[in-house]
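Q: Predicted coordinates and the sequence they were generated for:
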Amino acid sequence: MENQIFELQYALDTFYFLICGALVMWMAAGFAMLESGLVRSKNTTEILTKNVALYAIACTMYFVCGYAIMYGGDIFLSGITGDGVAGADEPATYAPSADFFFQVVFVATAMSIVSGAVAERMKLWAFLAFAVVMTGFIYPMEGSWTWGGNAVFGMYTLGDMGFSDFAGSGIVHMAGAAAALSGVLVLGARKGKYGANGSVNAIPGSNLPLATLGMFILWMGWFGFNGGSVLATASVESANSVAVVFMNTNAAAAGGLVAALLVARIMFGKADLTMALNGALAGLVAITAEPSTPSALQATLFGAIGGVLVVFSILFLDKLKIDDPVGAISVHGVVGLLGLLLVPITNDGSSFSGQIVGALTIFVWVFVTSLIVWFAIKAIIGVRVSEEEEFEGVDIAECGMEAYPEFTGGK
């Protein structure tokens, strides 16, 4: 009887893990729709190509070497073996291949963050070359120091210092934003974005309904992102934890959207849809570091703080002439840091000093290594399209086709 109960628990936890992984995979569609809606129509095909290609590259590179770097073992040649995954003194509770699948969709999410920030002026193949290194080495290394539990350069473990990141506000989102920031600094701003007198020229997206759909897909996928990080659901304790995580994830997103919308109304005199969309995503990023311990009220307030912060961050980066077409650096980087700093408020197993050290470790590693890779790619093949290609749109220059030929020059 006991063995049958264990087998049922194993099957349920494995199934839950796989379903959550599938939800996170669906976030790839959310990023593709959000980004394609926020760029100009002449750059839509290229942004879609980047999103579908980076997902395939992430899956392949993480299988070839990324997972081994992050958690150990040679799964590329020997495959994923064993009866299950659990702690050293605990029975296995889910299939190891389910763990791999859940982890691989996380690395794809980190790389998706880079795509939108460098949109409309980067060479497609330069971006894909960076994706190989980011998903195969840069992300797995910082992941090995955090979720992998390894000492940073053999010196100390972040967990022992009081660092905690439940589902990846720093490990996934801030890491992706750090890579994006380094790419934007190497690329420079889009032509016409900033005036000689310091003015900021708005460049509207081509399809706000599509961007809104993308936001809702991401919101939905986030239940798998955070909920799956509980790692189980087949016991009363884990089922209750999953329910709390779902509730808080949803509450934070709602709080972030409402707060960003109100701030935009106060500052601009209008209800800015793009700020509202980024506000919801900011709320989700803010709660990702610890969705299991706050109350619903705290989760809503944490999300609201993220929603307020993202509006000011987007405006501030524009003043610095850091051109991020979709606001990814603000949403995932600035608010990712906020999420880490909020953890000790409700989780006494973490500390502010540990969170700061962990955040610095992740940011410095990803930013510096990414900067080196971007400069190497720039020296070898270049990273930016020509001024003429940027004016005509990278769809034709990089992909040879347009997303909306009836409206952008087709007969």
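A: Cool, got the structure.

Q: When you work out contacts or count neighbours from here on, use the C-alpha atoms and nothing else.
A: Noted.

Q: Okay, buried residues for the host helix or strand of Leu360 please.
A: In the assignment (DSSP states H and E), Leu360 maps to helix 352-380. Counting neighbours by 16 or more other C-alpha atoms under 10 Å, one finds that the buried residues in helix 352-380 are 352, 354-359, 361-363, 365-367, 369-371, 373-375, 377.

Q: which sections of the stretch 151-300 of the chain are below the confidence cut-off?
A: Residue ranges of the stretch 151-300 of the chain with pLDDT under 70: none are present.

Q: All the helices of it, in order from the start?
A: Under the criterion DSSP state H, counting those that start in this stretch, helices of the stretch 151-300 of the chain are mapped to 175-187, 208-227, 236-268, 273-288, 296-319.

Q: closest to Ala98 out of those?
A: Nearest to Ala98 among the helices of the stretch 151-300 of the chain is helix 208-227; the distance by C-alpha to C-alpha comes to 13.4 Å.

Q: Show me what the closest one is packed against.
A: The elements that helix 208-227 packs onto, with contact taken as 3 or more C-alpha pairs under 8 Å, 6 or more residues apart in numbering; DSSP states H and E, are helix 2-38, helix 236-268, helix 273-288.

Q: what's the most buried one of the ones you listed?
A: Compared across those, helix 273-288 shows the largest average neighbour count, a mean of 31 (mean count of other C-alpha atoms under 10 Å).

Q: elements contacting it?
A: Packing partners of helix 273-288 (3+ C-alpha pairs under 8 Å, 6+ apart): helix 208-227, helix 236-268, helix 296-319, helix 335-346.

Q: closest to Phe102 out of those helices?
A: Nearest to Phe102 among the helices and strands packed on helix 273-288 is helix 208-227 (8.9 Å), distances taken as C-alpha to C-alpha.

Q: And the closest one, what's buried?
A: Using 16+ other C-alpha under 10 Å as the test for burial, helix 208-227 gives 208, 210-227.

Q: Pro209 is in contact with Leu38, correct?
A: No. Assessed by C-alpha atoms under 8 Å, Leu38 is found out of contact with Pro209, at 9.9 Å.

Q: what about the helix or strand Thr44 falls within, average pLDDT?
A: Element membership for Thr44 (DSSP H and E) is helix 44-61. In this model, helix 44-61 has an average pLDDT of 98.

Q: returning to that earlier point: could I get the helices of the stretch 151-300 of the chain as JSON lines with distance to Met1?
A: What follows is those, written out as JSON lines (distance: least, C-alpha to C-alpha, whole Å):
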{"stretch": "helix 175-187", "distance to Met1": "46"}
{"stretch": "helix 208-227", "distance to Met1": "29"}
{"stretch": "helix 236-268", "distance to Met1": "19"}
{"stretch": "helix 273-288", "distance to Met1": "38"}
{"stretch": "helix 296-319", "distance to Met1": "38"}
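
Q: CA-only coordinates of stretch 118-125 in CSV, if you can.
A: These are the backbone C-alpha positions of stretch 118-125, laid out as CSV (Å, rounded to 0.1, in the frame of the first residue of the first chain):
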residue,chain,number,x,y,z
VAL,A,118,18.1,44.9,-28.8
ALA,A,119,15.3,45.0,-31.3
GLU,A,120,15.1,47.0,-34.6
ARG,A,121,18.9,47.5,-35.2
MET,A,122,20.8,44.2,-34.4
LYS,A,123,21.9,41.7,-37.0
LEU,A,124,20.0,38.5,-36.7
TRP,A,125,23.0,36.2,-36.8
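
Q: All good on my end, thank you.
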